[in-house]
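Sequence and predicted structure below; questions after.
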Amino acid sequence: MNNLKLEHLPQEFELARPVLQTIEAAGYEAYFVGGSVRDTILGKKIHDVDIATSAYPEEVKRLFKRTVDTGIEHGTVMILDHGTGYETTTFRSESTYTDYRRPDQVTFVRSLAEDLKRRDFTINALAMKENGEVIDLFDGLADLSAKQLRAVGDPEQRFHEDALRMMRAVRFASQLDFTIVPATLTAIADHASLLAKIAVERTQVELLKLLQGQTPKRGLAAFMTTGLWQYCPEFSGHEASLNDLSERLSTGMSSETAAWSLLTTQFSLDASQISPFLKAWKTANQMITDVQATTTAARLLLERELQPWEVYQCGGERLTIANEVALILGAPDRGSQLATQWADLPIQSKKELAVTGRDLMQAGVQPGPQLGQDLQTLEQRVVCGELTNDASQLIAAIQ
Ligand SMILES: Nc1ccn([C@@H]2O[C@H](COP(=O)(O)OP(=O)(O)OP(=O)(O)O)[C@@H](O)[C@H]2O)c(=O)n1
Ligand SMILES: [Mg+2]
């Protein structure tokens with residue numbers, strides 16, 4: 001056990017202190033736990049603070065005026081008395097897990113040590129008192145300084161309890177630039193197939209964080225060597241492409257759209273293959289549309305410059321993503337050129353076309369498929385600079 005007392009806590013903790021103080025004043029224990037403690041010690045910005053307490057959910061609710069049962073069956077209560085909501089979870093003990101996802105039952109306990117020992121990695125098993133004193137029962141601080149991920153206790157047990165933790169390991173390796181210690185890495189390789197039991201939505205979150213992390217090479221390399229990749233939807237047959245990526249990807253992708261586009265471009269998927277690929281990963285429909293556009297453009301950028309119509313069809317921010325992806329895969333950086341090409345387009349969307357279908361009908365074009373065709377021809381010719389975007393000229397061109 002090591003000692004550390006943080007003197008200057010980030011604002012997020014300062015604001016949450018009254019919650020811990022109220023719980024402690026009633027005779028219970030309360031600590032900050034999880035990622036916020038880890039990230040503060042690492043000097044990183046934190047996004048939310050999690051609180052763990054010896055008070056049972058009903059006891060927590062009695063201490064505050066406004067609470068919401070956000071996950072009461074797991075012991076989680078949201079406290080709203082201090083502005084921002086604070087999720088407070090009662091200490092829980094180990095129990096049996098038969099489905100590799102969630103415990104068969106949750107047992108509330110009064111001991112912090114019992115709670116911490118069922119957490120995934122030593123760096124995530126730190127607790128911090130309201131006054132900044134860090135409780136380190138599993139040498140998490142030593143692993144933080146050595147930049148290492150190590151499962152708490154027996155790694156096999158930790159991955160049996162929740163197979164998603166294996167994806168979390170490779171995600172943290174990328175996000176934090178940490179190595180995974182050999183025993184933990186071996187346990188991941190031995191249990192990789194359990195990932196198939198995990199809901200794809202949860203795996204997706206970790207994969208995207210990995211690709212957006214600071215050292216994606218590290219995370220991807222572990223993702224590949226442990227065999228986790230084999231239990232991800234639609235990855236089969238792409239081992240060589242993924243290994244190639246793990247060598248190329250020296251910085252994190254800028255967004256989720258960029259992360260997906262990198263995979264679909266690297267896998268040489270065409271627009272019709274992107275939809276089943278992303279559907280298997282359960283992404284939103286908008287993501288499918290965006291990735292189809294960025295991948296089409298990125299694939300072209302790997303060969304040559306884009307024509308105005310191709311710039312137009314990809315559009316705005318998506319061009320930046322296409323360029324980001326193509327650059328990683330070996331194309332020259334055409335970022336500023338694309339920005340100029342985009343800015344110089346006569347119109348940037350169909351809404352800016354000087355005529356509508358109604359205008360064409362008034363000019364005598366019959367409604368029907370031909371009308372749509374005519375409009376698209378005009379749009380294309382305006383974008384390419386063959387026609388001026390002027391209503392009378394466009395109508396004249398059609399007639
Ligand atoms: N499968 C999991 C998920 C979470 N935890 C524990 O619950 C804490 C909070 O979980 P979560 O917010 O999902 O992850 P963080 O570690 O806080 O990371 P992030 O910064 O992404 O929120 C973790 O630190 C860890 O102690 C765990 O043991 N096993
Ligand atoms: Mg967290």
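Now that the structure is in, tell me what you want to look at. Ligands and ions are numbered 1, 2, ... in the order given.

Of all the residues in stretch 155-168, which ones are buried?
For stretch 155-168, the neighbour count (16 or more other CB atoms under 10 Å) marks 155-156, 158-168 as buried. All C-beta atoms are positioned from the backbone trio N, CA, C, and that covers glycine.

what sits up against it?
Contact with stretch 155-168 is made by 94, 97, 100-103, 118, 120-121, 151-152, 183-184, 186-188, 190-192, 194-195, 197-198, 202-203, 206-207, 210, 226, 228, as judged by CB atoms under 8 Å, 6 or more residues apart in numbering.

and if we set it to 7 Å?
Outside stretch 155-168, the residues that touch it by CB atoms under 7 Å, 6 or more residues apart in numbering are 97, 100-101, 118, 120, 151-152, 183-184, 187-188, 191-192, 194-195, 197-198, 202-203, 206, 228.

Please apply the same query to stretch 289-298.
Stretch 289-298 is contacted from outside by 257, 260-261, 264-265, 269, 271, 274, 278, 306, 310, 313-315, 318-319, 321-322, 325-326, using CB under 7 Å, 6+ apart.

filter those residues to the buried ones?
Buried subset of those (neighbour count, 16+ other CB under 10 Å): 257, 260-261, 264-265, 269, 274, 278, 306, 310, 314-315, 318-319, 321-322, 325-326.

mind listing the helices for the stretch 151-300 of the chain?
Here the stretch 151-300 of the chain has its helices, by DSSP state H, counting those that start in this stretch, at 155-161, 164-176, 182-191, 200-212, 216-225, 239-248, 256-266, 271-280, 285-301.

Is it possible to get a markdown table of the ones you listed that adds distance to residue 75 and mean pLDDT?
Shown next, in a markdown table, are those (distance: least, CB to CB, whole Å; pLDDT from 0 to 100):
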| stretch | distance to residue 75 | mean pLDDT |
| --- | --- | --- |
| helix 155-161 | 16 | 96 |
| helix 164-176 | 19 | 98 |
| helix 182-191 | 27 | 98 |
| helix 200-212 | 20 | 98 |
| helix 216-225 | 31 | 98 |
| helix 239-248 | 39 | 97 |
| helix 256-266 | 31 | 98 |
| helix 271-280 | 34 | 97 |
| helix 285-301 | 34 | 98 |
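
Just give the nearest non-adjacent residue to the closest residue to ligand 1 within the stretch 201-350 of the chain, would you?
When you check the stretch 201-350 of the chain against ligand 1 by CB to the nearest ligand atom, the closest residue turns out to be residue 209, at 6.8 Å. Of all residues not flanking residue 209 in the chain, residue 171 sits nearest, at 4.7 Å (CB to CB, 6 or more residues apart in numbering).

isn't the one you found right next to residue 208, touching?
No: in this structure residue 171 lies outside contact range of residue 208 using CB atoms under 7 Å: 8.8 Å.

With neighbour numbers in mind, choose between the two.
Between residue 171 and residue 208, counting by other CB atoms under 10 Å, residue 171 is the more crowded of the two (25 against 18).

Next up, the contacts around the more buried one.
Neighbouring residues of residue 171 by CB under 7 Å, 6+ apart: 206, 209-210, 213, 219.

what would the residues you listed look like in TSV with neighbour count?
What follows is these, written out as TSV (neighbours: other CB atoms under 10 Å):
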residue	neighbour count
206	25
209	21
210	27
213	24
219	31
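
So, low pLDDT: which residues of the stretch 1-150 of the chain?
The stretch 1-150 of the chain contains residues with pLDDT under 70 at 1-2, 94-97, 102.

can you map out the strands along the stretch 1-150 of the chain?
Secondary structure of the stretch 1-150 of the chain (DSSP state E, counting those that start in this stretch): strands at 4-5, 30-33, 50-53, 67-71, 76-79, 86-90, 127-128, 133-135, 148-149.
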